[in-house]
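**Student:** using only what follows, build the 3D model:
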Amino acid sequence: MLKARNTIKKHAMLRAGDRVGVALSGGADSVALLHMLANLAPEYALELFALHLNHGIRGEESDRDEAFVRKLAGSMNIPLESERISIPKLRQERGGSLEDLCRDERYAFFERMARRRRLDKVALGHTLSDQAETIIMRFLRGSGLEGLKGFLPVRDGIYIRPLMEVTRDEILSFLGEEGIPFVTDSSNRDETYLRNRIRGRLVPELKASYNVRLEENIGRTAEILRLEDDFIRESVAGIIAEWTIDTDRARLPVPKLKELHPALLWRLIKTILETHSPVKNGIGYLHVKAVADLIVAVDSYHHFNYPKPMLAGLRAALKDGGRLAIMDYYKSGFRDPDHIRAEKPEVIKEIEAEGFRLVKEIEHVPDTQYLLIFEMAD
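**Tutor:** A predicted model of the protein is given here:
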């Protein structure tokens, strides 16, 4: 597992004496991760803890996994922290996708264990193969730079991915050579899920017919995109600081915004809109484009790809739970900026009658363009 050792050093994932939680599902990747870190423990003076969450999705198979993990951790003299939840029950209560709910509950579990065991790091078993699948999936969904950079080597200063430069085939080869057992999750063969179709059908076809080193090449691309994304993110942070933009009040200097390169403008808009969204990853292309079009509009009328021209001047961002909609308000009687200002209260009343409440009002001076921020009323 030399690659994993090099990844740890390259990204400074571990320090001497770290207390490390290891996400342990019992699958090949997590078992390889536990053994690799156990081998490194003397070198770094690590204190390891195995972390297992039984999602209660696969019945007896989930219980089998938990029993396997308990036995494995015991055989290696590694303390185990384990919890049981019922994802099906939680989904009935909350709704949403199964994958999102599992991920949210898993990270909530890790955070509880990090506090309980005073962990410095939580090691995750994501591999280079996972990275390739993630990036392909996001590409198919039309993601931008932030999505196509894939997952990070280190996130939030605590989550580390030592296996992110190791392929799944290399993991299986290591376990086979060492005679290390693991369990198989039958849901990984369920092609109802896009990721499983990509893993089981698309990636093998691409490797067989186009590029046998597909995963390595996608991983290299992801690394390049991470660097470029870091540059844009830091540049936007510098703009916010230099212009003294209060992202909570979001009063934006439109003339300066128009001078920005579109890449910086779009990222700045996204950053600001995310401060108004309860679901930080819920801001997408259409939301950002609507505000960007508002900012760069120079004529009285602008087409926005809608059936009729919209008067540049009065728009509203409506939040309904995790959704954000940028709305145009066209009034045939609008004649000039003063008239827009006078009609604004009527538009607000109209929106509030639909069950929203006005929480913020942004005037883009000197363009006399308004962005009204609404939330769904309780």
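
**Student:** what ranges does this protein have for its strands?
**Tutor:** When assigned using DSSP state E, the strands of the chain occupy the ranges 19-23, 47-54, 80-84, 121-123, 154-155, 159-160, 301-302, 310-311, 314-320, 323-328, 356-364, 369-376.

**Student:** how far off centre is stretch 214-226?
**Tutor:** Mean-position distance between stretch 214-226 and its chain equals 18 Å (CA atoms, centre = their mean, to the nearest Å).

**Student:** how about low-confidence regions in the protein?
**Tutor:** For the chain, residues meeting the criterion pLDDT under 70 lie at 246-252, 276-283, 294-341, 360-378.

**Student:** how's it carved up into domains?
**Tutor:** When the chain is parsed with automatic domain parsing, its domains come out as 2-130+151-216, 248-376.

**Student:** start to end distance for the longest one?
**Tutor:** This points to domain 2-130+151-216. With CA to CA, to the nearest Å as the measure, the first residue of domain 2-130+151-216 is 16 Å from its last.

**Student:** save the domains of the chain as JSON lines, and put in distance to Glu242 too.
**Tutor:** C-betas here are computed from N, CA, C, even on glycine. Putting the domains of the chain into JSON lines (distance: least, CB to CB, whole Å) gives the following:
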{"stretch": "domain 2-130+151-216", "distance to Glu242": "26"}
{"stretch": "domain 248-376", "distance to Glu242": "10"}
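
**Student:** with distance to Glu228 and mean neighbour count added, can I get these in CSV?
**Tutor:** Converted to CSV, the domains of the chain look like this (distance: least, CB to CB, whole Å; neighbours: other CB atoms under 10 Å):
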stretch, distance to Glu228, mean neighbour count
domain 2-130+151-216, 14, 17
domain 248-376, 9, 16
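
**Student:** so who does the closest residue to Leu163 other than its chain neighbours touch?
**Tutor:** Spatially, and ignoring its direct neighbours in sequence, Leu163 is nearest to Thr127 (4.8 Å; CB to CB, 6 or more residues apart in numbering). With CB atoms under 8 Å, 6 or more residues apart in numbering as the criterion, the residues that contact Thr127 are Asp29, Leu163, Met164, Val166, Thr167, Arg168, Ile171.

**Student:** the residues you listed in helices, which ones?
**Tutor:** Cross-referencing the contacts of Thr127 with the helices (criterion: DSSP state H) gives Asp29, Arg168, Ile171 as the overlap.

**Student:** which one is the last one nearest to, not counting chain neighbours?
**Tutor:** Yep, that's Ile171 we're talking about. What sits nearest to Ile171 in space, not counting adjacent residues and going by CB to CB, 6+ apart, is Ala32, at 4.8 Å.

**Student:** and for the second one?
**Tutor:** The spatially closest residue to Arg168, leaving aside those adjacent along the chain, is Ser129, at 3.9 Å (CB to CB, 6+ apart).
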